[in-house]
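Colleague: Coordinates for the following, if possible.
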Amino acid sequence: MSDVAGNSASERSSRFGERHVIVRVFVTWVLNAVALHFLALVVPGVEVDGWAGAFAAAAIIGLLNGLLWPLLIRVALPITVLTLGLGALLLNGLVVWLASVISERFQIDELWQGIAVVAGLSVINTVLTSLLAIDDDDFYYRNVVKKQAKRRGQISSDVPALFFLEIDGLAHDVLARAIRDGNVPTMARWVREGSHRLIGWETDWSSQTGASQTGLLHGTNEDIPAFRWWDREQGKAVASSAPKDVMAIEARLSDGKGLLFADGASRANMYSGDAPHSLLTISTVLERREGRLGQDYFAYFANPYSLVRTLCLVIADIAGELWETAQQKRLDIQPRVHRGGFVYPLMRAWMTVVQRDLQVQTVIGDAYAGRPVVYTTFSGYDEMAHHAGIERQETLKVLRKLDRQFARLERAARDAPRPIEFVVLSDHGQTQGATFLQRYGLTLEELVTQACRSKQVEAAGQGDEGWMYLGATATEASQGTGLFARGLTALTRKRKVDDAVVLGPERKAELEQVGRAELPEVVVMASGCLGLISFPREPRRVTLERIRTLYPDLIPALLEHPGIGFALVRSEERGAVVLGKSGTSYLDEDRIEGEDPLAPYGPNASRHVRRTDGFEHCADIMVNSTFWPETGEVAAFEELVGSHGGMGGTQSHAFALVPSTFALPDEPVVGAGELHRWMRRWLADLGHEAYREDGA
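Modeller: The predicted model follows:
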């Protein structure tokens with residue numbers, strides 16, 4: 001009975017898919033005809049003989065693309081990659097010119113007019129499909145990608161592939177409300193139809209991508225206390241945004257059998273998980289992979305309209321950011337932060353449009369190639385939530401658009417050479433609140449400076465994952481030997497630190513370490529609401545007793561401040577000690593005097609703090625901002641309205657949207673390493689023997 005029902009459902013799905021293709025072909029034909037009729041009025045030298053001529057020309061252009069484009073793109077792919085899509089625009093201009101030769105009702109005089117028609121068609125189609133809410137599922141050009149995958153050795157199998165789609169920074173509760181309120185219709189449909197179940201998991205103390213992704217992809221995030229920290233052995237700050245540091249961290253933690261080691265693909269991640277196929281991944285951008293970039297980008301450049309479409313969406317996103325920023329100011333929405341003038345809109349467009357489009361198309365290519373396991377990180381929501389708020393209108397708009405991409409991936413999976421299962425997950429959440437500086441008029445660095453009475457207190461600059469990924473893309477693109485790679489290398493030469501292109505605030509922080517004359521006396525670093533205070537001139541971790549001798553006012557100043565929730569230090573006599581305003585927790589003795597300073601941060605807080613205390617590079621003093629349960633807010637030590645990196649609120653509570661047929665834990669999942677073990681089990685249960693043999 002169940003088999004009959006399943007077959008019936010499959011047949012209905014197939015008939016629906018066929019109708020969807022027919023409707024889309026018709027709608028695309030009509031839109032292109034309308035666009036050609038309009039372009040004939042505004043582009044000099046372009047003539048269309050009425051509506052009949054417009055429909056005929058649109059049909060001929062479509063047929064020529066179907067016949068010629070798969071052949072042209074095979075030959076021209078290196079050119080299109082090296083010219084960032086301009087070559088594809090030129091080739092498609094030739095196709096339009098050829099259509100004018102064939103049709104007497106459609107005429108253009110010169111090649112540049114054909115290019116103008118292609119650009120115009122892209123712009124008008126992008127605008128109309130957005131206004132009409134028609135999906136941007138380019139099934140026609142996906143066929144080109146499928147043919148290319150077969151030519152290169154497509155992997156067909158009955159063993160389902162597993163694609164992990166990470167939404168950076170999305171908390172469990174925020175997603176649950178988005179499902180309830182209709183902001184993520186694709187994921188909501190999966191839950192309501194019963195194909196997926198939503199579960200939560202708790203991050204480690206360091207609730208940020210650097211710690212979470214090593215745990216998720218390698219099973220351990222040992223000795224990663226924050227996004228950045230002071231390394232006494234190297235005499236410098238280590239940052240999760242610096243490719244050389246990220247490479248070194250992955251080399252230290254990897255056993256060669258990460259989550260993606262068995263012919264997997266890493267797309268737009270911080271760490272590679274030992275994937276043989278990697279693109280836009282921070283830990284691999286310095287690797288020279290001659291000839292691989294073109295193959296990885298094939299799915300994007302297989303569509304001649306991709307470049308212009310992306311540019312249209314970029315312009316729209318920049319305009320949206322400027323409007324939304326003005327609206328926040330006009331309505332006096334609080335809390336809010338300065339969103340970077342005219343620079344941030346460009347960064348936002350990169351994260352929410354350009355990188356998203358590249359990785360979605362690349363993952364579609366992975367689906368048609370038959371990759372067994374793929375992990376990709378979508379960082380647009382995280383970037384938007386940092387600057388606008390975790391559930392503000394513009395942030396949820398980014399989430400809605402991302403959910404639409406999941407529907408595209410779902411449709412593409414139907415034509416893949418093997419079944420594909422999707423797991424959507426986050427690496428951490430975010431917690432909102434006015435920043436430490438906004439609340440108290442001074443930064444953590446200034447508070448420490450005043451208490452230490454020192455002029456040699458150094459603070460690491462605020463990081464931004466958007467700049468990190470943009471720099472990584474420029475680094476990766478410059479690794480080749482082609483003309484474009486050489487030009488990009490020359491253009492970014494003065495922007496490189498340790499062979500990697502470093503942009504934005506991180507560049508200043510990295511350059512300050514080059515040629516340092518002497519070590520700073522005190523270093524203050526921030527990772528959301530987590531602060532790290534280190535004394536680099538001391539030969540080893542500084543104890544509570546030594547701190548009280550060197551800087552007698554520092555600990556009292558921290559504990560008395562209303563924005564500091566607790567401080568972790570190590571005592572010579574008592575071991576790990578958590579100090580609060582009204583009590584002390586002696587972690588090694590499992591004893592509390594007065595009120596437990598960790599009580600507001602959840603039942604696992606002491607477990608997380610005790611583990612971090614055991615890290616070799618645990619800071620001399622680690623402070624967490626106050627958490628206000630009545631509003632669910634923290635006070636970030638960085639200028640971010642939505643933040644993560646420490647404990648308090650939803651930043652520690654991530655999610656996983658898992659197929660209902662998968663085995664699920666009976667107990668709460670605590671720590672990224674624990675979720676990693678479940679991810680390996682899912683792969684093994686699907687039939688991926690490499691993970692079963694590895695002890696999954």
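Colleague: quick one: low-confidence ranges for the stretch 501-650 of the chain?
Modeller: 503-517 (pLDDT under 70).
Colleague: can you pull the pLDDT of residue 242?
Modeller: Looking at residue 242, its pLDDT reads 85.
Colleague: Model confidence at the residue nearest to residue 371 when sequence neighbours are not counted, what's the number?
Modeller: Leaving aside its sequence neighbours, residue 371 sits nearest to residue 265 (Cβ to Cβ, 6 or more residues apart in numbering; 5.0 Å). All C-beta atoms are positioned from the backbone trio N, CA, C, and that covers glycine. We have a pLDDT of 96 for residue 265.
Colleague: What is the burial count for residue 265?
Modeller: Look at residue 265: counted by other Cβ atoms under 10 Å, it has 27 neighbours.
Colleague: Quick check: chain neighbours aside, which residue is closest to the residue of the chain most remote from its centre?
Modeller: Outermost residue of the chain with respect to the C-alpha centroid, by Cα atoms, centre = their mean, is residue 104; its distance is 49.0 Å. What sits nearest to residue 104 in space, not counting adjacent residues and going by Cβ to Cβ, 6+ apart, is residue 49, at 7.6 Å.
Colleague: I'd say the one you found and residue 106 touch.
Modeller: Yes. Residue 49 lies in contact with residue 106 (Cβ atoms under 8 Å); the separation is 7.3 Å.
Colleague: who has more neighbours, the two?
Modeller: residue 106 (24 against 15).
Colleague: What is the least confident helix or strand in the chain?
Modeller: Lowest by mean pLDDT, DSSP states H and E among the helices and strands of the chain is helix 505-513, with a mean of 54.
Colleague: got the buried residues for the host helix or strand of residue 593?
Modeller: In this assignment (DSSP states H and E), residue 593 forms part of strand 591-594. For strand 591-594, the neighbour count (16 or more other Cβ atoms under 10 Å) marks residue 592 as buried.
Colleague: Quick check: the residue farthest from the centre of the chain vs residue 97, distance?
Modeller: If you measure residue 104 against residue 97 using Cβ to Cβ, to the nearest Å, the figure is 15 Å.
Colleague: And residue 654, by the same measure?
Modeller: Here the criterion is Cβ to Cβ. By it, residue 654 lies 52 Å from residue 97.
Colleague: With neighbour numbers in mind, choose between those two.
Modeller: residue 654 (30 against 19).
Colleague: Shouldn't that one be within a strand?
Modeller: Yes. Checked against DSSP: H, G, I helix; E, B strand; the rest coil, residue 654 lies within a strand.
Colleague: Skipping its backbone neighbours, what lies nearest it in space?
Modeller: Nearest one to residue 654, counting by Cβ to Cβ, 6+ apart, is residue 426 at 4.3 Å.
Colleague: OK, contacts around the one you found?
Modeller: 166, 167, 168, 169, 170, 171, 172, 175, 654, 655, 656 (Cβ atoms under 8 Å, 6 or more residues apart in numbering).
Colleague: Tell me which of these fall in helices.
Modeller: Secondary structure assignment by DSSP state H places 172, 175 of these in helices.
Colleague: of all the contacts of residue 426, which comes closest to residue 300?
Modeller: Here the nearest of those to residue 300, counting by Cβ to Cβ, is residue 166; it sits at 19.8 Å.
Colleague: Run a quick neighbour tally on the residue nearest to the closest one when sequence neighbours are not counted.
Modeller: In this structure, residue 166 finds its nearest non-sequential neighbour in residue 377, 4.4 Å apart by Cβ to Cβ, 6+ apart. When neighbours are defined as other Cβ under 10 Å, residue 377 has 27 of them.
Colleague: rewinding a little: after the least confident helix or strand of the chain, next one along is what?
Modeller: strand 522-527.
Colleague: Relative to residue 307, how far out is residue 301?
Modeller: Residue 301 is 8 Å from residue 307, by Cβ to Cβ.
Colleague: Show me which of these two is the more surrounded one.
Modeller: A direct count of neighbours by other Cβ under 10 Å for residue 301 and residue 307 places residue 301 higher, at 26 against 22.
Colleague: Let me know the pLDDT of the more buried one.
Modeller: At residue 301, pLDDT is 73.
Colleague: Please verify my assumption that it contacts residue 88.
Modeller: Yes. Between residue 301 and residue 88 there is a contact at 5.6 Å, judged by Cβ under 8 Å.
Colleague: Residue 447 sits in which helix or strand?
Modeller: Here residue 447 is assigned to helix 444-452, by DSSP H and E.
Colleague: So which residues of the stretch 501-650 of the chain form strands?
Modeller: Remark: strands assigned in the stretch 501-650 of the chain by DSSP state E, counting those that start in this stretch are 522-527, 530-534, 564-571, 575-579, 583-586, 591-594, 621-625, 627-628, 633-634, 642-643.
Colleague: Quick check: which helices or strands does the fifth one pack against?
Modeller: Contacting strand 583-586 under the criterion 3 or more Cβ pairs under 8 Å, 6 or more residues apart in numbering; DSSP states H and E are the following elements: strand 575-579, strand 591-594.
Colleague: mind running it again at 10 Å?
Modeller: Contacts defined by 3 or more Cβ pairs under 10 Å, 6 or more residues apart in numbering; DSSP states H and E place strand 583-586 against strand 564-571, strand 575-579, strand 591-594, helix 605-613.
Colleague: beta partners of the residue nearest to residue 371?
Modeller: Beta-bridge partners of residue 265, counted by DSSP bridges, are residue 277, residue 374.
Colleague: That one and residue 354: what is the separation?
Modeller: From residue 265 to residue 354 the distance is 19 Å (Cβ to Cβ).
Colleague: same deal with residue 617?
Modeller: Remark: distance between residue 617 and residue 354 (Cβ to Cβ) = 35 Å.
Colleague: With residue 204 instead?
Modeller: 31 Å.
Colleague: quick one on the thing from earlier: please tabulate the helices and strands packed on strand 583-586 in TSV and include distance to residue 549 as additional columns.
Modeller: TSV is the format used below for those (distance: least, Cβ to Cβ, whole Å):
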stretch	distance to residue 549
strand 564-571	13
strand 575-579	16
strand 591-594	22
helix 605-613	21
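Colleague: The ones you listed: which one's closest to residue 248?
Modeller: The nearest among these, by Cβ to Cβ, is helix 605-613 at 19.9 Å.
Colleague: which SS state does residue 91 fall under?
Modeller: For residue 91, the assignment made with three-state DSSP gives helix.
Colleague: My read is that it contacts residue 68, right?
Modeller: Yes. Residue 91 is within contact range of residue 68, at 8.9 Å (criterion: Cβ atoms under 10 Å).
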